[in-house]
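**Q** What follows is a predicted protein model with its sequence.
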Amino acid sequence: MEGGNSPNLQLQQLPLATAAVSVQPHTDSFSYKENLIGALLAIFGHLVISIALNLQKYSHIRLAGSKDTRAYFKTKTWWCGLFLLVLGELGVFSSYAFAPLSLIVPLSAVSVIASAIIGMIFIKEKWKPKDFLRRYVLSFVGCGLAIVGTYLLITFGPNSHEKMTGENITRHLVSWPFLLYMLVEIVIFCLLLYFYKEKNANYIVVILLLVALLGSMTVVTVKAVAGMIVVSIQGNLQLDYPIFYIMLVCMIATTIFQATFLAQASQLYDSSQIASIGYILSTTVAITAGATFYLDFTGEDVLHICMFALGCLIAFLGVFLITRNRKKSVPFEPYISMDAMPGMQNMHDKGIAVQPDLKASFSYGALENNDNMPEIYTPATLPIVQEQHGSKGVSAPPYRVLEHSKKEPLLETGT
């Protein structure tokens with residue numbers, strides 16, 4: 001009886017084992033599908049953001065180069081850029097709900113690639129072939145490296161997925177790896193803030209490290225908020241958990257402080273340096289935070305982790321080469337206004353700009369209209385030296401400077 005029943009038992013258990021094996025490939029394919037959706041949403045969002053920022057920049061340039069007295073927010077181009085900016089940010093925000101954090105963060109290199117390509121397409125200056133190749137060869141190489149790095153990131157990115165429910169986020173929040181990571185991050189942040197505020201350590205690495213540490217918390221909270229919203233849309237309501245609102249408040253607060261430090265950095269350093277160094281530091285710290293909080297690389301083999309790290313390094317190098325090729329900022333130097341001198345060429349004569357080219361970090365180019373110049377651009381005057389009478393033993397200067405008036409000469413020789 002036992003011998004006769006054993007074949008039947010084996011035949012009955014065989015379909016069950018086959019069914020159990022077939023579940024795993026379906027789960028893996030679904031996970032890779034989510035990764036692809038998240039990566040495409042992030043790429044789309046960064047492309048649209050880059051186009052939006054260039055549209056808004058174009059609207060400012062047109063107003064600066066024309067006699068149009070309208071404000072920039074009254075132009076259709078600026079509003080079109082704002083609409084695209086919101087659309088792109090929504091795309092990036094929703095991408096965190098589908099793909100792991102460590103995969104989405106490095107894809108911000110797409111915006112740098114798009115900005116470089118848009119800048120080369122809409123360039124107005126004419127260059128000789130040799131000058132063009134010399135000027136843009138680093139940009140072409142950087143774009144190629146960034147694209148290769150992006151491909152490696154998508155191909156070998158982490159494949160860990162879990163539903164962003166309130167219980168899961170709370171469990172990750174109180175886990176000892178993340179608590180230890182938060183302790184180390186708070187200590188480093190306080191030390192950097194002390195040196196920055198008290199010791200005047202206004203180094204670009206210090207400021208952008210503060211931004212990167214805040215940004216790591218921003219992306220962690222963004223993924224939690226976006227994931228809980230998507231789970232709620234799917235039918236499992238998560239908005240009644242207090243952790244959702246805690247994450248939402250932390251997301252808004254860290255974003256505001258990031259913008260504050262970035263504004264301070266933009267006043268001290270060039271935008272190309274901020275873009276390259278900020279991308280490298282923010283990506284590195286954010287990947288570390290994602291691997292600690294969401295355990296992105298749990299279960300990944302060594303080959304995938306090494307190839308993912310290689311993709312990050314190639315993307316870092318590509319962004320560095322793209323931003324390195326940009327023009328350096330020219331510091332402001334006081335000058336005497338040409339408009340105050342009779343017979344001198346004016347900025348508006350035949351469209352020739354004779355004023356110095358003020359190319360600050362986030363400026364839109366040379367000045368095109370000087371009708372409303374502030375007092376800093378007024379003509380320079382010589383200091384007034386009062387003549388001393390009755391002083392013995394002190395030799396009088398060979399000349400004295402009088403106050404500037406229409407009836408008196410500026411310089412009068414001494415006797």
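**A** Noted; the coordinates are in hand. Numbers count the residues shown, from 1 in each chain.
**Q** roughly how far apart are E89 and H304?
**A** Separation of E89 from H304 (CB to CB, to the nearest Å): 30 Å. The way it works is simple: take the backbone N, C-alpha and C, and place the C-beta from them, glycine included.
**Q** now swap in K74 and tell me
**A** From K74 to H304 the distance is 51 Å (CB to CB).
**Q** By mean pLDDT, which helix or strand of the protein comes out lowest?
**A** One helix or strand of the chain scores below all others by mean pLDDT, DSSP states H and E: strand 411-413, with a mean of 47.
**Q** Could you list the low-pLDDT ranges of this structure?
**A** Scanning the chain for pLDDT under 70 picks out 1-31, 122-135, 325-415.
**Q** So E89 sits against L53, correct?
**A** No - E89 lies out of contact with L53 (CB atoms under 8 Å); the separation is 11.4 Å.
**Q** Same drill for these two, tell me which one is more crowded.
**A** L53 (18 against 15; other CB atoms under 10 Å).
**Q** ok, the more buried one touching G81?
**A** Yes - with contact defined as CB under 8 Å, L53 and G81 form a contacting pair (7.0 Å).
**Q** And the strands in the protein?
**A** 399-401, 411-413 (DSSP state E).
**Q** what about L82, neighbour count?
**A** L82 has 15 neighbouring residues, counting by other CB under 10 Å.
**Q** Could you do Y96 as well?
**A** Y96 has 27 nearby residues by other CB under 10 Å.
**Q** Quick check, it in contact with A226.
**A** Yes - if you go by CB under 8 Å, Y96 and A226 touch, sitting 4.6 Å apart.
**Q** For the chain, which segments are assigned as helices?
**A** 2-64, 76-95, 101-104, 109-121, 129-155, 166-173, 176-197, 204-233, 242-268, 271-293, 302-324 (DSSP state H).
**Q** what's the closest of those to R70?
**A** Distance to R70, taken as CB to CB, is lowest for helix 2-64 among those, at 6.9 Å.
**Q** In stretch 70-77, which residues are buried?
**A** The neighbour-count check on stretch 70-77 (16 or more other CB atoms under 10 Å) flags 75, 77 as buried.
**Q** Kindly report the same for stretch 218-233.
**A** So, applying 16+ other CB under 10 Å, buried residues of stretch 218-233: 218-232.
**Q** same question, stretch 157-167
**A** Quick answer for stretch 157-167 (16+ other CB under 10 Å): 157-161, 164-166.
**Q** any chance of the helices of the chain in a markdown table, with distance to R70 too?
**A** Shown next, in a markdown table, are the helices of the chain (distance: least, CB to CB, whole Å):
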| stretch | distance to R70 |
| --- | --- |
| helix 2-64 | 7 |
| helix 76-95 | 10 |
| helix 101-104 | 38 |
| helix 109-121 | 24 |
| helix 129-155 | 34 |
| helix 166-173 | 47 |
| helix 176-197 | 40 |
| helix 204-233 | 34 |
| helix 242-268 | 26 |
| helix 271-293 | 26 |
| helix 302-324 | 33 |
